[in-house]
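S.K.: Just a sequence and a predicted model for now, questions to come.
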Amino acid sequence: MKKPRIGITTGDSAGIGPEIAVAAASSPEVLAVCKPVLFGITEPVPYMGQVTAQGGRAAYEAIEKAAAAVRSGNIDAIATGPLNKESLKAAGVPYIGHTEILAGLTGTEEPLTMFETTGLRSFFLSRHVSLRQACDMVTEERVYRYLRRCDAALRNDLGIQNPSIAVAGLNPHCGEHGLFGTEEQYIYPAIEKARAEGINAFGPIGADSVFHQALTGRYTAVLSLYHDQGHIACKTLNFHRTISITLGLPFLRTSVDHGTAFDIAGRGIADPTSMIEAVKVAASYIINRRA
C-alpha cells in the first residue's frame, strides 16, 4: 500500500515548532509509515523566543498552504505544530487558534475535537469556557447532539466500526440521584434518545472511573463534559503522547497538545515526541481508512 503523505506545519517560527517539525520529518518512526511534507519556516529566525507578528503570520501561512495542499489532493492529512494566540493577534489574523483557522479556511461550521493518548480517546462537550459556563452547557439537547456527532466522526472520519461512547458524569458519583447535583438529569434522556437511533451510548459514568474503563477497552471513547475533565485524564496518562485530532473538516488534522515553549526555543532541547506521534496517528488513520 502506498504510504500516505502527511503535511507537517512548523507553527510559530519563534517557538519550538520548527525544531520539532524537522525532527519529526526526519524520524525513522515517521518515515516508516508516511511521506512527510513540511510547511513553514525551518531555518533559525532573528526573533526567536517571543511573541511576534512575524511568528504569528508564519504560522498562519503554513496552515493556509497545508490546507490548500490537502484539499487539492497533494497530501492526505495535516499534523500541526504549536502556535501562539498572542502572535496571531499581533499579525492581524482574525482567528484565535488552529481549529478556528481551519474552520474558516474550509467553511466548516463546528469542527469536533478529540484527544487520543495511547489508546484513550476523549471528546469534549465544551472547551474554552469557564467552569460555570461549562456546567450550564450540560443540556439534554447538547449532549444528544454531541453523541450523534461523536458517533459519526468515529465511524466516518476514523473508520471505526460499531463504536461505543461513554458519557462522563459531571458531579461526584454522578450526583447520587440529586444529592450532589442535578445536572445528570439532562444526560440520561439524551443517552436514551441516542440509543434509540442505534448509537452505542452509555452513562453517565463517574469521571473517576470512566476513563480507566475506556482505556481498558470497554468503550471506544469518552464524552467529557468540560475542558479539564478530559485533558487531565489524557495528559496524566501520557503527556508527551497526547494528540489532538480535529474531526468534521474535509480532511483529517492532528496536532501536538503543547505550546510554543518560547523559553527553550532554539536551544535544541525540545522534545519532538508529541509531534512524531501526531504524524504517526494521522498516517495510521489514513491507512485504516484506505483499508
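M.R.: Looks like it came in fine. Numbers count the residues shown, from 1 in each chain.
S.K.: how about residue 104, what does it touch?
M.R.: 94-95 (C-beta atoms under 8 Å, 6 or more residues apart in numbering). C-beta coordinates here come from the backbone N, C-alpha and C atoms, glycine included.
S.K.: Using the three-state scheme, assign it.
M.R.: helix (DSSP: H, G, I helix; E, B strand; the rest coil).
S.K.: Residue 121 too?
M.R.: strand.
S.K.: If you drop the residues flanking it in sequence, what lies closest to it?
M.R.: Once flanking residues are discounted, residue 121 sits nearest to residue 221: 3.9 Å by C-beta to C-beta, 6 or more residues apart in numbering.
S.K.: Show me the domain layout of the chain.
M.R.: Domains of the chain are assigned by automatic domain parsing as 1-111+249-291, 112-238.
S.K.: As TSV, those domains with mean pLDDT would be great.
M.R.: Below are the domains of the chain laid out as TSV (pLDDT from 0 to 100):
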stretch	mean pLDDT
domain 1-111+249-291	93
domain 112-238	90
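S.K.: helix/strand/coil for the residue of the chain most remote from its centre?
M.R.: Taking C-alpha atoms, centre = their mean, the residue of the chain most remote from its mean C-alpha position is residue 179, at 34.3 Å. Recorded secondary structure, residue 179: coil (three-state DSSP).
S.K.: burial of the closest residue in space to residue 90 that isn't next to it in sequence, as a residue count?
M.R.: In space, and not counting its chain neighbours, residue 90 is closest to residue 53: 4.1 Å by C-beta to C-beta, 6+ apart. For residue 53, the tally of surrounding residues (other C-beta atoms under 10 Å) stands at 16.
S.K.: got a list of what residue 53 touches?
M.R.: 87, 90-92.
S.K.: if we go to 10 Å?
M.R.: Residues in contact with residue 53, defined by C-beta atoms under 10 Å, 6 or more residues apart in numbering, are 47, 86-93.
S.K.: Pull out the buried members of these.
M.R.: 86-88, 90-91, 93 (16 or more other C-beta atoms under 10 Å).
S.K.: Closest one of the residues you listed to residue 127?
M.R.: Distance to residue 127, by C-beta to C-beta, is smallest for residue 88 among the buried ones among the contacts of residue 53, at 17.2 Å.
S.K.: From residue 54, how far off is the closest one?
M.R.: Per C-beta to C-beta, to the nearest Å, residue 88 is found 12 Å from residue 54.
S.K.: Okay, and the most centrally placed residue in the chain sits in which element?
M.R.: With distances taken as C-alpha atoms, centre = their mean, residue 244 lies nearest the centre of the chain, 2.2 Å away. Using DSSP states H and E, the element containing residue 244 is strand 243-247.
S.K.: next helix or strand past that strand?
M.R.: Next element after strand 243-247 (DSSP H and E): strand 252-256.
S.K.: Output the contacting helices and strands for that next one.
M.R.: strand 5-9, helix 17-25, helix 53-71, strand 77-80, helix 98-106, strand 112-117, strand 243-247, helix 273-290 (3 or more C-beta pairs under 10 Å, 6 or more residues apart in numbering; DSSP states H and E).
S.K.: Tell me what angle that strand forms with helix 17-25.
M.R.: 110 degrees (axes from the mean of the first three to the mean of the last three C-alpha atoms, to 10 degrees).
S.K.: which neighbours does strand 252-256 have in its sheet, and in what orientation?
M.R.: strand 77-80 (parallel), strand 243-247 (antiparallel) (DSSP bridges).
S.K.: If you tally nearby residues, what's the number for residue 270?
M.R.: Counted with other C-beta under 10 Å, residue 270 comes out at 21.
S.K.: just checking, it touches residue 19?
M.R.: Yes: Residue 270 lies in contact with residue 19 (C-beta atoms under 10 Å); the separation is 4.9 Å.
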